[in-house]
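Colleague: need a structure here:
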Amino acid sequence: RGGGGGALPRGAAMVMYELLCLARARAPRGDVAALLRRHAQTVYRHGGVVCDVVSYGEQKLAYPIKKPGEKHALAQAVALQFQCAPAAVGEMREALAVDDLVLRWIFTKQRSAPSLAHFKRQARRAEREALEGGGNGELGTGGGE
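Modeller: As a prediction, this is how the structure comes out:
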């Protein structure tokens, strides 16, 4: 039963999450990228998949975040969307709590991602409509002057 990564524990469900993280504004971009990379590796170790990584850049905060001896009015906002077992989130929370680069973070549970079958149905429907003429009152298809 070794601790090899990649395989989900028996009965563990994959859940879609998003991590929104506010990092220090003065932190080098490479450090913020390394932070995201570490958390992506945690997701992979728990058999999960990273779906999206977004950087919102430096943002002015609605109110200053106070840390001992510091006050932050700006932060780098980054988001990591991933799908994994809930155990990974606990491990990530522990790491975020002790990381000096991180000002605040929040995990949100997302609706599950659409399945591949959903996209196949959508593609078949679009193909059928194209074969049938496709001009069913859609915008841009009319010849009105």
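Colleague: Might you list the low-confidence residue ranges for this structure?
Modeller: 1-12, 112-119, 134-145 (pLDDT under 70).
Colleague: In terms of secondary structure, what does the longest strand seen in it contact?
Modeller: When the chain is parsed with DSSP state E, its longest strand is strand 49-67. Under the contact definition 3 or more C-beta pairs under 8 Å, 6 or more residues apart in numbering; DSSP states H and E, strand 49-67 sits against strand 15-24, helix 29-45, strand 70-84, strand 102-109. In short, each C-beta sits where N, CA and C put it, glycine included.
Colleague: Mind putting the ones you listed into TSV with distance to residue 133?
Modeller: Shown next, in TSV, are those (distance: least, C-beta to C-beta, whole Å):
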stretch	distance to residue 133
strand 15-24	37
helix 29-45	45
strand 70-84	38
strand 102-109	42
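Colleague: Including distance to residue 127 and mean neighbour count, could these go into a markdown table?
Modeller: Formatted as a markdown table, those follow (distance: least, C-beta to C-beta, whole Å; neighbours: other C-beta atoms under 10 Å):
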| stretch | distance to residue 127 | mean neighbour count |
| --- | --- | --- |
| strand 15-24 | 28 | 20 |
| helix 29-45 | 35 | 16 |
| strand 70-84 | 28 | 18 |
| strand 102-109 | 34 | 15 |
